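> No letters, just coordinates:
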DNA sequence: GCCAACGTTGGC
DNA sequence: GCCAACGTTGGC
């Protein structure tokens, strides 16, 4: 028997007015290069820890309400982010050395939208999900780890109908 | 639009 | 190496 890889799970943020989960679903192969990450910690997660097939929660930031909207997966290993060398890109970094690019990206592929989106308010109020990094005050990472246990809770919650406040 | 939190920059 | 200034993120 081969050695079983431990699951690694992630959450990525995107502003839906810039790039939404629907945009990802509509992209060729439902896949896009996750470019523009300009934070060292987020870059290091992509470079050192992300593997093809890792599950990814897609989160809409700066949305009304901010919420987790669907499931995606890592679809490539980390590679240089071309936008850092594109002078016309808002993500251009003229100080990055093409021989040793500073910024990396991975491809992200949409798997399926959640049956219902889970708003941040519900994540914060949830006894387990409140531990998520995205629920922590002041957190600004655009790529962050999520434990498999937390991801499972979130996915199960997102598969349910909106909870009724009273039985019929 | 406001502002708290955070990362980065640069003077010293 | 410290830290104030600044820019950005992102919830509200």
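Structure received. What you see is a predicted model; the values in this text were computed from it and never measured.

> what does chain A put close to DNA strand B?
A:39, A:40, A:41, A:136, A:137, A:138, A:139, A:140 (Cβ under 7 Å from any atom of the strand). The C-beta positions use only the backbone N, C-alpha and C, and glycine is treated the same way.

> Which single one of those is nearest to DNA strand B?
residue A:138 (2.1 Å; Cβ to the nearest atom of the strand).

> what about that closest one, neighbour count?
4 (other Cβ atoms under 10 Å).

> How far does the longest helix anywhere in chain A sit from its chain's centre?
Ranked by residue count and defined by DSSP state H, the top helix of chain A is helix A:148-159. From the chain centre to the centre of helix A:148-159 is a distance of 14 Å (Cα atoms, centre = their mean, to the nearest Å).

> And the helices in chain A?
Going by DSSP H, chain A shows helices at A:21-26, A:40-44, A:120-125, A:148-159.

> got TSV for those, with distance to residue A:94 too?
Converted to TSV, the helices of chain A look like this (distance: least, Cβ to Cβ, whole Å):
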stretch	distance to residue A:94
helix A:21-26	28
helix A:40-44	18
helix A:120-125	36
helix A:148-159	38
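
> okay if I get these as JSON lines plus mean neighbour count and mean pLDDT?
Formatted as JSON lines, the helices of chain A follow (neighbours: other Cβ atoms under 10 Å; pLDDT from 0 to 100):
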{"stretch": "helix A:21-26", "mean neighbour count": "17", "mean pLDDT": "98"}
{"stretch": "helix A:40-44", "mean neighbour count": "15", "mean pLDDT": "95"}
{"stretch": "helix A:120-125", "mean neighbour count": "16", "mean pLDDT": "95"}
{"stretch": "helix A:148-159", "mean neighbour count": "17", "mean pLDDT": "96"}
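
> Can you list the neighbours in contact with the longest helix of chain A?
By Cβ atoms under 8 Å, 6 or more residues apart in numbering, the surrounding residues in contact with helix A:148-159 are A:6-9, A:55, A:57, A:68, A:71, A:114-118, A:122-123, A:126, A:128-129, A:131-132, A:146.
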